[in-house]
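> mind folding the following:
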Amino acid sequence: MTLFLRVNDALNANPPFRPDETLSLAGSDWLWAVMAVHLLAFLILLIFCFTTPESDRVFHYLFTITLLVGTVSYYAEASDLGWSTVKQIDKLDNGSSRQLFYAKYINWAVAFPSVSLALGLLSNVSWTTIVTNIFVSFLWVVTYLAAAYTTSSYRWGFFTFGTLCWIILAMSTLNESREAASRIGLSRDYMILSTLANFSWVLYPIAFGLSDGGNVIGITGSFIFFGILDILAVPALALLFIILAGKWDYHHLHLAFSEHRYAPEDHGTALPKGSETASPTGNSSTA
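Predicted coordinates:
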């Protein structure tokens, strides 16, 4: 039986030697489980990348990279790495400190913009809106990171700016992008995906306020909260995207970025599929 016994030795190999509030062994076990969820979703999407037509892989590629980043981030956190020591905002007098895992902010800096991009591409909203949502979601993460490292009450100023970014992002993805999706007949699928994304997003300010912001819950408790949200925000959303994507017309959505045909007489010039029209003489000509 001992041959199959697996012991989590992460906290012994990488001991949290400075902070007063640290990750527990049970918390590390939970983080390994969340990493496994991200890794499994990554492998599933990677398989679909090889079985899906090349022109229909835009969401596969996007979420595969996002899941890989999440897997690496959770590997670091489960190993008790990717953190620094920050004093408690309400305990500065006695010098109490807490582990701040910046690795999770690196994960969010990739995950939130990726989800914003995926929702924007699906809804066929304008590129100006897509780019704006990407930058707003990235600023949301940066301001929360700044708030986490601020050891005075001024952290709530950063928190307010970050939460404002979330409100802007929610209004865009639930209103403007929904209207754009309805014009191309994808209102139902878009609202399913957008609702799941925004359901997880609305809970991040609460989770931050209780953990890295207000220090109300401990390191392990905060990771349980964030771990559930991260699973909903990327692995669950990514798999749901791929399930629903099976019935989408990527050409109609203008998402068949990779599909080209090459005309020999054009010496290798790439032409989008369907862009050639027959000339009166029977030869192909470019419209």
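> just give the closest residue to Ala103, not the sequence neighbours.
If the residues on either side of it in the chain are set aside, Ala103 comes closest to Gly82, at 3.0 Å by CB to CB, 6 or more residues apart in numbering. Every residue, glycine included, has its C-beta placed from N, CA and C.
> pretty sure Tyr74 is one of the things the one you found touches, is it not?
No. Shown here, Gly82 and Tyr74 do not form a contact pair, counting by CB atoms under 8 Å, at 9.7 Å.
> ok, those two, which is more surrounded?
Taking other CB atoms under 10 Å, Gly82 and Tyr74 do not tie; Tyr74 has more neighbours (27 against 22).
> quick check: Leu237 vs Val136, distance?
According to CB to CB, to the nearest Å, Leu237 stands 18 Å off from Val136.
> can you check Thr143 too?
Thr143 is 11 Å from Val136, by CB to CB.
> what do you get for Gly218?
In this view, Gly218 and Val136 are 31 Å apart by CB to CB.
> same deal with Ile168?
Ile168 sits 5 Å away from Val136, going by CB to CB.
> again with Thr51
Thr51 sits 34 Å away from Val136, going by CB to CB.
> who's more crowded, these two?
Ranked by neighbour count (other CB under 10 Å), Thr51 and Val136 place Val136 first, with 19 against 8.
> before we move on, what SS does the more buried one have?
Put simply, Val136 is helix when judged by DSSP: H, G, I helix; E, B strand; the rest coil.
> element containing Thr195?
If you go by DSSP states H and E, Thr195 is part of helix 187-201.
> and for Ser84?
Applying DSSP H and E, one finds Ser84 within strand 83-87.
> neighbouring strands of that strand in the sheet, and parallel or not?
If you go by DSSP bridges, strand 83-87 pairs up with strand 97-101 (antiparallel).
> so which bits of stretch 167-186 are buried?
168-169, 172-174, 176-178, 180-181, 184, 186 (16 or more other CB atoms under 10 Å).
> the residues you listed in strands, which ones?
Among the buried residues of stretch 167-186, no member is found in strands (DSSP state E).
> and these as JSON lines, adding distance to Phe223 and pLDDT?
Putting the buried residues of stretch 167-186 into JSON lines (distance: CB to CB, whole Å; pLDDT from 0 to 100) gives the following:
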{"residue": "Ile168", "distance to Phe223": "28", "pLDDT": "96"}
{"residue": "Leu169", "distance to Phe223": "24", "pLDDT": "95"}
{"residue": "Ser172", "distance to Phe223": "29", "pLDDT": "93"}
{"residue": "Thr173", "distance to Phe223": "26", "pLDDT": "93"}
{"residue": "Leu174", "distance to Phe223": "28", "pLDDT": "92"}
{"residue": "Glu176", "distance to Phe223": "34", "pLDDT": "87"}
{"residue": "Ser177", "distance to Phe223": "31", "pLDDT": "88"}
{"residue": "Arg178", "distance to Phe223": "33", "pLDDT": "87"}
{"residue": "Ala180", "distance to Phe223": "36", "pLDDT": "86"}
{"residue": "Ala181", "distance to Phe223": "34", "pLDDT": "85"}
{"residue": "Ile184", "distance to Phe223": "39", "pLDDT": "83"}
{"residue": "Leu186", "distance to Phe223": "35", "pLDDT": "85"}
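> at the geometric centre of the chain, which residue sits there?
Among the residues of the chain, the one closest to the centroid is Ala111, at 1.9 Å (CA atoms, centre = their mean).
> measure that residue to Ser126 for me?
For Ala111, the distance to Ser126 - CB to CB - is 23 Å.
> mind listing the helices for the stretch 101-250 of the chain?
103-123, 127-149, 155-171, 177-183, 187-201, 204-208, 219-231, 237-245 (DSSP state H, counting those that start in this stretch).
> winner for burial among the ones you listed?
Mean neighbour count (mean count of other CB atoms under 10 Å) peaks for helix 103-123 among the helices of the stretch 101-250 of the chain, with a mean of 23.
> just checking, what packs against that helix?
Under the contact criterion of 3 or more CB pairs under 8 Å, 6 or more residues apart in numbering; DSSP states H and E, helix 103-123 touches helix 58-78, helix 127-149, helix 177-183, helix 187-201, helix 219-231, helix 237-245.
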